[in-house]
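Participant: generate coordinates for the sequence data below:
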Amino acid sequence: MSKTTTLLVTLLSAGLLLTSCGKQDQTKLTASESSSLAATKKMSHYTLQQKFVAITDATMGPVQLVNKQSSSANAQLNTKISKATQKIQQIQTDLSRNQTNSALTNKLSHYAKTSLKLLNSITAANSNQYSENFTKLSNETQKIAKADFNNELPNSYQSVLTYQAEHGTYASGNILNTPDFRISFTKIQTMTTSGGDTVLLLTYTYHNKRDTTATPATDLAKYGSFHQGTTTLKSTTPTTSDSTLTQSLNQATQTVAAGKTVTAATAMTISSTDTAIEYNAVQPKNQKSLGTITINLKQS
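Facilitator: Residues are numbered from 1 along each chain as shown. Sure, this is the predicted structure:
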């Protein structure tokens, strides 16, 4: 065989190989398309609710570790975030293939994105961004549950809220809560002194969460102050014939054993009963606001 013939045979052989490869690629593409078609889903409402719960559970795992703020919790955090991210991304893929209930599917797809943003803010150790993203996720969780799942909130989300309510630092309603203590204002009274001054008497329960003793009045003053309009109110010690009230006033300045709950009271001179009293709570370290407790005297 001549060299020319040999070259032609070689080229033809290469062409056959290329053609064969082309057919294999086409076969793979067809298989991929078939796989994609097979992967399309028709999720029931119940299945979509399971996806909602799964996204929430995956996200709340790292959030709970952040809340605990312990060395053992921090050691688990990166692994937990990585697994949660993978889980949510898989759910995103499943939702993208769903062909039913497009409105709810879109809500859950957005919910998954919000969850990933929250996890990213944990990884970035950005406390402001984390707080903002958690609030967004919390609002979205409640809206979806109310609109689509008969207000059934995932247990993992409720557990996080319960933990934060117990261990978080905030002032809301009639409660001042910190990791160290909890104060709940329970009774409002006013009295007029012999000198004609109006005195506000606030009774409260004080729970010491510490492992050591603590003083109710010290914690109350450390975490905030009482105001009436622009006036900062100062505590006073009135003379009263009410033995129970006297005991509560005295208890405010006495130490409370670790883990114990007592009834205490505070008193302050006010200008009138027409203007509400506000307890402006702050974080002692940076004076950042923790919230305001409003005491409407007209309802007392």
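Participant: can you list the domains in the protein?
Facilitator: 45-167, 170-299 (automatic domain parsing).
Participant: can you add mean neighbour count and mean pLDDT and give these back as TSV?
Facilitator: For the C-beta atoms, the positions are set from N, CA and C on the backbone; glycine is no exception. TSV is the format used below for the domains of the chain (neighbours: other Cβ atoms under 10 Å; pLDDT from 0 to 100):
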stretch	mean neighbour count	mean pLDDT
domain 45-167	16	93
domain 170-299	16	93
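Participant: those strands in the stretch 101-250 of the chain, which residues are they?
Facilitator: 170-172, 175-177, 181-192, 198-208, 224-228, 231-232 (DSSP state E, counting those that start in this stretch).
Participant: now for the third one, which elements pack on it?
Facilitator: Just to be clear, that refers to strand 181-192. strand 175-177, strand 198-208, helix 216-222, strand 289-295 (3 or more Cβ pairs under 8 Å, 6 or more residues apart in numbering; DSSP states H and E).
Participant: select, out of the strands of the stretch 101-250 of the chain, the one closest to N286.
Facilitator: Checking the strands of the stretch 101-250 of the chain against N286 by Cβ to Cβ gives strand 224-228 as the closest, at 13.7 Å.
Participant: parallel or antiparallel, which strands does that closest one pair with?
Facilitator: In the sheet, strand 224-228 lines up against strand 231-232 (antiparallel), strand 277-282 (antiparallel) (DSSP bridges).
Participant: which residues touch that strand?
Facilitator: Outside strand 224-228, the residues within contact range by Cβ atoms under 8 Å, 6 or more residues apart in numbering are 171, 176, 232-233, 268, 270-271, 275-282, 290.
Participant: which two in those are spaced the farthest apart?
Facilitator: Using Cβ to Cβ, the contacts of strand 224-228 span at most 25.6 Å, a distance reached by S271 and L290.
Participant: a markdown table for the helices and strands packed on strand 181-192, including distance to M60?
Facilitator: As requested, those are exported to a markdown table (distance: least, Cβ to Cβ, whole Å):
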| stretch | distance to M60 |
| --- | --- |
| strand 175-177 | 20 |
| strand 198-208 | 26 |
| helix 216-222 | 30 |
| strand 289-295 | 23 |
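Participant: of the ones you listed, which is nearest L104?
Facilitator: Of all these, strand 289-295 sits nearest to L104, with 34.6 Å by Cβ to Cβ.
Participant: packing partners for that closest one?
Facilitator: Taking 3+ Cβ pairs under 8 Å, 6+ apart as contact, the helices and strands that strand 289-295 lies on are strand 170-172, strand 175-177, strand 181-192, strand 277-282.
Participant: out of the ones you listed, the one nearest N150 is which?
Facilitator: Across the helices and strands packed on strand 289-295, N150 has its closest neighbour in strand 170-172 (26.8 Å, Cβ to Cβ).
Participant: list the strands paired with the closest one, with their directions.
Facilitator: Take DSSP bridges as the rule and strand 170-172 pairs in its sheet with strand 175-177 (antiparallel).
Participant: hmm, back to that, wait, which of the strands of the stretch 101-250 of the chain is closest to Y130?
Facilitator: Judged by Cβ to Cβ, the one of those that comes nearest to Y130 is strand 170-172, at 16.1 Å.
Participant: run through who's touching that closest one.
Facilitator: L176, N177, Y223, G224, Y279, A281, L290, G291, T292, I293.
Participant: wait, which of these is closest to T56?
Facilitator: Nearest member of the contacts of strand 170-172 to T56, counting by Cβ to Cβ, is N177, at 24.1 Å.
Participant: so I183 touches Y206, yeah?
Facilitator: Yes - assessed by Cβ atoms under 8 Å, I183 is found in contact with Y206 at 5.5 Å.
Participant: so how far is the helix or strand T79 falls within off the chain centroid?
Facilitator: Using DSSP states H and E, T79 sits within helix 71-96. Between the centre of helix 71-96 and the centre of its host chain there is 17 Å, according to Cα atoms, centre = their mean, to the nearest Å.
Participant: packing partners of that helix?
Facilitator: helix 45-68, helix 102-123.
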